[in-house]
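J.: my questions are about this predicted structure, shown below with the sequence.
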Amino acid sequence: MRRFRLETAEQTEALGAALATLARAGMVFTLAGPLGAGKTCLARGLITALKPAMAEEIVSPTFTLVQTYDTAAGPVWHFDLYRVKHAEDVIELGLEDALGDVAVIEWPDRLGRFLPADRIDVTLTQAGDGREAEISGQGKYAEAVEAWKTKLRETK
């Protein structure tokens, strides 16, 4: 598993933008990590790469819990499940519909049994003055993520 060192918010957004190259209908990106680890920053980079004119509008849906964006890859659902108490509550938020589009889910541990088997997991941790990100593909996305990481390494 490759770790990405992220010294700045701009690097975190750039990693999100690089992940956007994988975005397709039915794809789920999970963003895990403690408060302040950069989950929303990474989500902003990913969504902005799919619809650049929206950069200023992309904020964490902490209080609305979900926000949708029309992008070049189709609808993108951005969930922030920090305040969700019961996994069943995600059904009311439109999770079933979101799984047919692109879904970006902060605090995926709140999904419980609703966590899709096929997904791309991003785990962000604070490391010194910066952050580190670990990215892995689960289920049918495992090979695509490994190929993406190899391609990214070759372009650096």
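T.: Cool, got the structure. Keep in mind the model is a prediction, meaning the values are calculated, not measured. Numbers count the residues shown, from 1 in each chain.
J.: okay but residue 94 is in contact with residue 64, surely?
T.: No - Residue 94 is beyond contact range of residue 64, at 11.7 Å (criterion: C-beta atoms under 8 Å). To be clear about C-beta, it is placed using only N, CA and C from the backbone, and glycine gets the same treatment.
J.: which of the two has more neighbours?
T.: Using other C-beta atoms under 10 Å as the criterion, residue 94 and residue 64 rank with residue 94 on top: 16 against 12.
J.: quick one: contacts for the more buried one?
T.: 66, 77 (C-beta atoms under 8 Å, 6 or more residues apart in numbering).
J.: next one: the one 10 residues further on
T.: Contacts for residue 104 were tallied using C-beta under 8 Å, 6+ apart; they are 29, 31, 43, 46-47, 76-79.
J.: quick one: which of the residues you listed sit in strands?
T.: Using DSSP state E, the members of those that fall in strands are 29, 31, 76-79.
J.: what packs against whatever helix or strand residue 132 lives in?
T.: In the assignment (DSSP states H and E), residue 132 maps to strand 130-138. Packing contacts for strand 130-138, counted by 3 or more C-beta pairs under 8 Å, 6 or more residues apart in numbering; DSSP states H and E, involve strand 3-6, helix 9-19, strand 119-127, helix 142-155.
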